[in-house]
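[1] quick one, structure for this:
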Amino acid sequence: MEKKKNINNFGKQGWLLIVYVFFLFFISSFPVDVLNISVEGFANMKQWDGGALLVFSSIGAWLTIIISALIGRWVAAKGVKTPTVIALLIAGVCLILNGFANSVLVYGIAVVLGTSVTGAVNLVSTNTYTSNWFPQKKGIALGWSSMGMCFSGALGVPVFAAILGLTHSFALPFGVFGVLAIILALVAQFGVKTLPEEAGAFPDNEEQSKENTDAVRQEMKNYKSPWTTGKLLACKQVWLVSLTFGLLFIALMATMTQFVPRFMGAGFSQGEALMWLTIASALGIIGSYLWGYLDQKTTTKTATVVFAVYMMAMQFLNAAFFTNKTISTILIVLIGLLIGGIGNLFPSMVIQIFGRYDSAAANNVCVPILTAIRACTFILIAAVLGATHGNFRILCVILGFVSLAAVILSIFINNKTIGKAE
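    Numbers count the residues shown, from 1 in each chain. Next up, the predicted model:
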């Protein structure tokens with residue numbers, strides 16, 4: 001009963017872990033979010049082809065599939081600390097290198113490698129830390145920590161733009177965030193514990209006997225998951241979860257990457273549309289907690305089905321009232337609340353189904369499948385807008401049907417834990 005009365009009771013050590021994962025979400029979302037500014041900026045300042053620069057972002061999205069699979073296997077075999085540290089160090093170097101890029105080749109290497117390693121951190125490291133520390137309170141814990149993704153767009157990108165405006169150079173703004181990634185790597189190495197038992201705390205902040213705590217710590221250290229890649233690929237739940245959230249990621253990413261031109265079609269100026277994009281990202285912070293609260297108070301499956309239905313309704317409303325400026329303003333609020341949900345519901349569902357012991361192994365398959373589906377977003381956008389001569393209303397309709405497919409798949413997800421229990 002105590003857990004239900006105070007679902008935010010994580011303890012001092014638990015809150016420190018949540019804050020750290022918040023920053024992991026923040027820095028791992030930033031390389032993609034900043035493309036809204038950096039691509040056009042490099043094209044103008046260096047006289048490079050903006051279309052060619054976007055190709056590197058697409059390559060990075062596809063490389064994330066491979067990097068996520070490799071890091072996922074590494075995490076499952078050796079634990080989350082070392083892979084996370086190395087990924088963050090690479091990300092930091094790539095961000096700094098991006099700022100000093102004086103050739104398209106250097107730019108491409110920095111973007112491709114930087115976005116792929118941070119994509120793995122976003123989907124693997126955050127998931128593993130959370131499952132280790134909060135196997136039962138994962139929903140609300142992720143509700144807090146995944147706010148970092150929203151802060152990346154609402155705060156990180158404007159700060160980057162402000163520094164860029166003052167210095168008229170990419171070196172300092174990219175350097176600031178590159179140094180942050182390196183600091184997070186050092187914190188992971190020397191300050192963050194993989195398991196709560198290692199920090200003198202307890203999973204979900206639910207006190208246990210010292211004997212039981214020592215036994216669990218030793219067991220998890222030596223645990224080898226029976227969920228091999230073959231077994232996971234043959235598991236229906238893996239495909240239902242990966243496909244559901246892959247489709248939802250497509251719908252949300254397409255909405256956010258086409259946010260400005262879509263709302264300019266409703267009569268907003270480019271400046272107004274950019275302002276509303278920042279507001280929507282800020283609203284995602286509230287949405288992150290609300291989706292986490294719904295997850296914790298009901299079930300992860302219930303929250304996922306509601307999220308998918310909400311996404312579908314928003315897309316069809318987007319199409320129906322495409323040129324209505326008043327209703328479009330209301331839709332911006334609805335979109336903002338959606339931004340904060342998908343980043344916590346996916347890892348929460350993996351943890352729910354495979355538990356504290358086996359979720360790292362499950363990520364080896366779930367994350368690459370989801371990433372592969374998500375990487376199709378830009379192909380879909382290009383195909384639809386190319387075939388319809390830039391008709392964003394039709395794109396919204398198609399995203400509505402993509403979301404409908406996610407709704408149907410989510411209904412068949414089983415909320416039962418099939419991984420090893422405590």
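[2] what about I373, which helix or strand?
    For I373, the element it lies in under DSSP states H and E is helix 342-374.
[3] what packs against the very next helix or strand once past that helix?
    Next helix or strand after helix 342-374 toward the C-terminus (DSSP H and E): helix 377-387. Secondary-structure packing of helix 377-387 (3 or more C-beta pairs under 8 Å, 6 or more residues apart in numbering; DSSP states H and E): helix 50-78, helix 236-257, helix 392-411. Placement of C-beta: from N, CA and C, glycine included.
[4] and those, which is most packed in?
    helix 236-257 (a mean of 22; mean count of other C-beta atoms under 10 Å).
[5] which parts of the helix or strand that that one is followed by are buried?
    With elements assigned by DSSP H and E, the helix or strand that comes after helix 236-257 is helix 259-264. Buried residues in helix 259-264, defined by neighbour count with 16 or more other C-beta atoms under 10 Å: 259-260, 262-263.
[6] which stretches of the stretch 101-250 of the chain have low pLDDT?
    208-214, 216-217, 220-222 (pLDDT under 70).
[7] which residues of it fall in helices?
    Here the stretch 101-250 of the chain has its helices, by DSSP state H, counting those that start in this stretch, at 104-120, 126-133, 138-145, 147-151, 157-167, 171-190, 210-222, 229-233, 236-257.
[8] need those helices in a markdown table with distance to A201, can you?
    A markdown table is the format used below for those (distance: least, C-beta to C-beta, whole Å):
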| stretch | distance to A201 |
| --- | --- |
| helix 104-120 | 26 |
| helix 126-133 | 8 |
| helix 138-145 | 13 |
| helix 147-151 | 21 |
| helix 157-167 | 33 |
| helix 171-190 | 17 |
| helix 210-222 | 9 |
| helix 229-233 | 30 |
| helix 236-257 | 29 |
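[9] which among the buried residues of helix 259-264 gets closest to L248?
    Nearest to L248, judged by C-beta to C-beta, of the buried residues of helix 259-264 is F259 at 16.7 Å.
[10] how far away is the closest one from I279?
    Distance from F259 to I279, counting by C-beta to C-beta, to the nearest Å: 11 Å.
[11] then Q218?
    To I279, Q218 is 49 Å away according to C-beta to C-beta.
[12] quick one: which of those two has more around it?
    Between Q218 and I279, I279 has the larger neighbour count (other C-beta atoms under 10 Å), namely 15 against 11.
[13] in contact with the more buried one, which residues?
    332, 336 (C-beta atoms under 8 Å, 6 or more residues apart in numbering).
[14] quick check: phi and psi at it.
    When read as degrees, to the nearest 10, the backbone of I279 gives phi -60, psi -40.
[15] ok, and the closest non-adjacent residue to V238?
    Nearest in space to V238, with sequence neighbours left out and distances taken as C-beta to C-beta, 6 or more residues apart in numbering, is L232 at 5.1 Å.
[16] ok, and what's touching stretch 248-259?
    Contacts of stretch 248-259 (C-beta under 8 Å, 6+ apart): 262, 273, 276-277, 280, 307-308, 311, 315, 318, 335, 338-339, 342, 370, 373-374, 376-378, 380-381, 392, 395, 399, 402-403, 406.
[17] show me this structure divided up by domain.
    Residue ranges for the domains of the chain, per automatic domain parsing: 10-223, 231-422.
[18] residues near A154, how many?
    Neighbour number of A154 under other C-beta under 10 Å is 22.
[19] circling back to that earlier point, the residue nearest to V238 contacts V367, correct?
    No: at 11.1 Å, L232 does not count as touching V367 under the criterion of C-beta atoms under 8 Å.
[20] how many neighbours does the residue nearest to L95 when sequence neighbours are not counted have?
    Closest residue in space to L95, ignoring its immediate chain neighbours: G178 at 3.4 Å, by C-beta to C-beta, 6+ apart. Residues near G178, counting by other C-beta under 10 Å, number 22.
[21] mind checking how far G178 is from S348?
    Separation of G178 from S348 (C-beta to C-beta): 30 Å.
[22] how far does stretch 148-155 stretch from one end to the other?
    10 Å (C-alpha to C-alpha, to the nearest Å).
[23] so L232 and V367 - more neighbours on which side?
    Set L232 next to V367 and count neighbours by other C-beta under 10 Å: V367 wins out with 27 against 22.
[24] neighbouring contacts of stretch 79-92?
    With C-beta under 8 Å, 6+ apart, stretch 79-92 has contacts from 24, 27-28, 31, 71, 74-75, 113-114, 117-118, 120-121, 124-125, 128-129, 132, 178-182, 184-185, 188-189, 192, 194, 360.
[25] returning to that earlier point: could I get the buried residue list for the helix holding I373?
    Buried, per 16+ other C-beta under 10 Å, within helix 342-374: 342-374.
[26] for stretch 308-315, same thing?
    Under 16+ other C-beta under 10 Å, the buried positions of stretch 308-315 are 308-312, 314-315.
[27] what is the nearest of the residues you listed to S288?
    Using C-beta to C-beta, the buried residues of stretch 308-315 come closest to S288 at Y310, 14.2 Å.
[28] what pLDDT, on average, does stretch 28-47 get?
    For stretch 28-47, mean pLDDT rounds to 85.
[29] and S152, how many neighbours?
    A count of neighbours around S152, defined by other C-beta under 10 Å, yields 24.
[30] quick one: it from N8, how far?
    Distance, S152 to N8, using C-beta to C-beta: 23 Å.
[31] and for Q218?
    If you go by C-beta to C-beta, the gap between Q218 and N8 works out to 30 Å.
[32] for S146, same thing?
    15 Å.
[33] of these two, who's got more company?
    Counted by other C-beta under 10 Å, S146 and N8 do not tie: S146 has more neighbours, with 37 against 17.
[34] cheers, nothing more for now.
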